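K.L.:
Predicted model follows, preceded by the sequence.
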Amino acid sequence: MSWACRVRTEVRRPRQRLDWTLEGVDLAYDERLADRIRDLLKSQSGISERKMFGGLAFMHRGHMICGIVKDELMVRVGADQYEDALARPHARPMDFTGQPMRGMVFVAPGGHSQGDALRSWVEQSLAFARTLPPKTP
């Protein structure tokens, strides 16, 4: 039998749902962090929300700017600002798929919970998204 005719016999395990609880309530993302981001973006036009990556993503004209997975902030900074973003406290490569996604970082709670840190991340991601052309529906 040639290699092209072989049947793949590998058994794939179903994806496991990772539950995250906050005070006994099952959540996929931190609602308090979502409310803080909504507050920062409320005066901006072209903002929408979409459930993705097992969490919540904030979009600007169809492009993801930031999001929340569990209690981590997910930020799109673009390839040019990627290394600088990784140098910031509590930031790490976004490796949701097992491979780092260049231009995207995860920020642990310590990097977005105090002062103007969250505002800085959201403004940086929004500034990058504004450089992109609007997506067509």
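P.N.:
That came in fine, so what should we check first?
K.L.:
For the rest of this, base every contact and every neighbour count on C-alpha atoms.
P.N.:
Noted.
K.L.:
Strands of this protein, start to end?
P.N.:
20-22, 25-27, 47-52, 55-60, 63-69, 72-76, 91-93, 104-107 (DSSP state E).
K.L.:
just so I know, which of those lies nearest residue 130?
P.N.:
strand 55-60 (7.8 Å; C-alpha to C-alpha).
K.L.:
strands paired with the closest one, and their directions?
P.N.:
Strand pairing for strand 55-60, using DSSP bridges, gives strand 47-52 (antiparallel), strand 63-69 (antiparallel).
K.L.:
Pick the most buried one from those.
P.N.:
When you average the neighbours per residue for each of the strands paired with strand 55-60 (mean count of other C-alpha atoms under 10 Å), strand 63-69 leads with a mean of 24.
K.L.:
quick one: contacts of that one?
P.N.:
For strand 63-69, contacts defined as C-alpha atoms under 8 Å, 6 or more residues apart in numbering pick out 28-30, 33-34, 53-59, 73-77, 122, 125-126, 128-129, 132, 134-135.
K.L.:
Confidence-wise, which helix or strand of the protein is lowest on average?
P.N.:
The weakest-scoring helix or strand in the chain, judged by mean pLDDT, DSSP states H and E, is strand 20-22 (a mean of 40).
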